[in-house]
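> Kindly return the folded structure for what I paste below:
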Amino acid sequence: MITIEALHNFPKIEKNCNLGTEIIKTIKNENFILHNNDVLCIASKLISKSAGLFIDLKSINPSQLALRLHQQIPRKDPRLIQVIIDQTEDKNSKKLQISKNFIGGWLPNGLFLTGAGVDKIDADTAIILPKNCDEIAKEISDDIFAQLKVRVAIIITDSDGRIDKKGATQVAVGLYGISGLRKSRYEDKTNVETICDMLAGSAGLLIRLPIVKIHGMDYVFDKTATIRDAVN
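Residues are numbered from 1 along each chain as shown. Down below sits the predicted model:
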């Protein structure tokens, strides 16, 4: 049986810190039980905040391209649009997708995310995704093993919308220890599922709780797994 349980009372992260240390401290304080091959889903905002990836929008000077795109999407701050362009690392907007009120972007690692993973925190502050979510996932897993002697997989999740549907779901933007894909064979057909996104979406059921444990998942721990394996 698969169970989903959140780590409660996790401290609010507002500045640079060692996230692995904070997670382990909270696990100990709550007597939160971890088993080998549990999967921890961690919200990307925790990762970004602990790495200090805040953008002061007052320091952003929108390009002519950002201003033109703002005319297409008036609800989006042109400074925020500029940050989105910067995250795609393409100054010509070829890695952006725009439709009505939607703007998405392809990141250098191949992921496509709403707003290229950029979120606005307040009127003059945005936050971006780390470029190395897989490495951070590994560091956290290694820290947990070193301190608690339990080997867990890590999935870093991010809120993401779709052009065809209202609202948002959760998707994986980084991982360690578990393959992003699950392959099964039935008769002569091989089925491939994006299991990392399924698990991220399951963690999203416990809304606004940034660290969620999924127990009972049957998988082989894979130290070589990265999010790139699940990206076209």
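
> quick check: mean pLDDT across the longest strand belonging to the chain?
Taking DSSP state E as the criterion, the chain has its longest strand at strand 165-176. Averaged over strand 165-176, pLDDT sits at 94.

> what's the answer for stretch 216-229, then?
Across stretch 216-229, the per-residue pLDDT values average to 96.

> what does that stretch contact?
1-3, 37-39, 109-111, 133-134, 151, 153, 172-182, 195-196, 199 (Cβ atoms under 8 Å, 6 or more residues apart in numbering). All C-beta spots, glycine's among them, are computed from the backbone N, C-alpha and C.

> Now the buried members of those.
Taking 16 or more other Cβ atoms under 10 Å as the criterion, what is buried in these is 37-39, 109, 111, 133-134, 151, 153, 172-180, 182, 195-196, 199.

> What about the residues you listed, which are in strands?
Reading strands off the buried ones among the contacts of stretch 216-229 with DSSP E, I get V39, A153, A172, V173, G174, L175, Y176, R182.

> what comes up buried for the least confident helix or strand in the chain by mean pLDDT?
Least confident helix or strand of the chain, by mean pLDDT, DSSP states H and E, is strand 182-186 with a mean of 88. Under the neighbour-count criterion of 16+ other Cβ under 10 Å, strand 182-186 has R182 buried.

> Paired strands for that strand, with orientation please.
strand 189-193 (antiparallel) (DSSP bridges).

> Pull out the buried positions in the partner strand.
In strand 189-193, no residue is buried by neighbour count (16+ other Cβ under 10 Å).

> can you give me the mean pLDDT across it?
92.

> Pretty sure Q170 sits against A203.
Yes. Using Cβ atoms under 8 Å, Q170 is in contact with A203, at 6.2 Å.

> Overlap of the contact sets of these two?
Here Q170 and A203 have C41, T157 as joint contacts, going by Cβ under 8 Å, 6+ apart.

> So A230 is in contact with L199, correct?
No. Contact criterion Cβ under 8 Å: A230 and L199 do not qualify, at 11.5 Å.

> quick one: common contacting residues for these two?
Here A230 and L199 have A172 as joint contacts, going by Cβ under 8 Å, 6+ apart.

> Could you chop this protein up by domain?
3-52+130-230, 54-127 (automatic domain parsing).

> So which residues of the protein form strands?
All strands of the chain, identified by DSSP E, fall at 3-6, 39-43, 54-56, 96-99, 102-106, 112-114, 119-122, 125-127, 153-162, 165-176, 182-186, 189-193, 211-215.

> closest one to R75 among the ones you listed?
R75 lies closest to strand 102-106 among the strands of the chain, at 9.8 Å (Cβ to Cβ).

> partners of that closest one in the sheet?
Counting by DSSP bridges, strand 102-106 is paired with strand 96-99 (antiparallel), strand 112-114 (antiparallel).

> which of these sits most buried?
strand 112-114 (a mean of 20; mean count of other Cβ atoms under 10 Å).

> what's in contact with that strand?
Strand 112-114 has contacts (Cβ under 8 Å, 6+ apart) with 97, 102-107, 129, 158-161, 168, 171, 173.

> Not including adjacent chain positions, what is the nearest residue to T114?
G161 (4.4 Å; Cβ to Cβ, 6 or more residues apart in numbering).

> Quick check: that neighbour touching G167?
Yes. Here G161 reaches G167: they are 6.9 Å apart, a contact under Cβ under 8 Å.

> neighbour-wise, which of those two wins?
G161 (15 against 7; other Cβ atoms under 10 Å).
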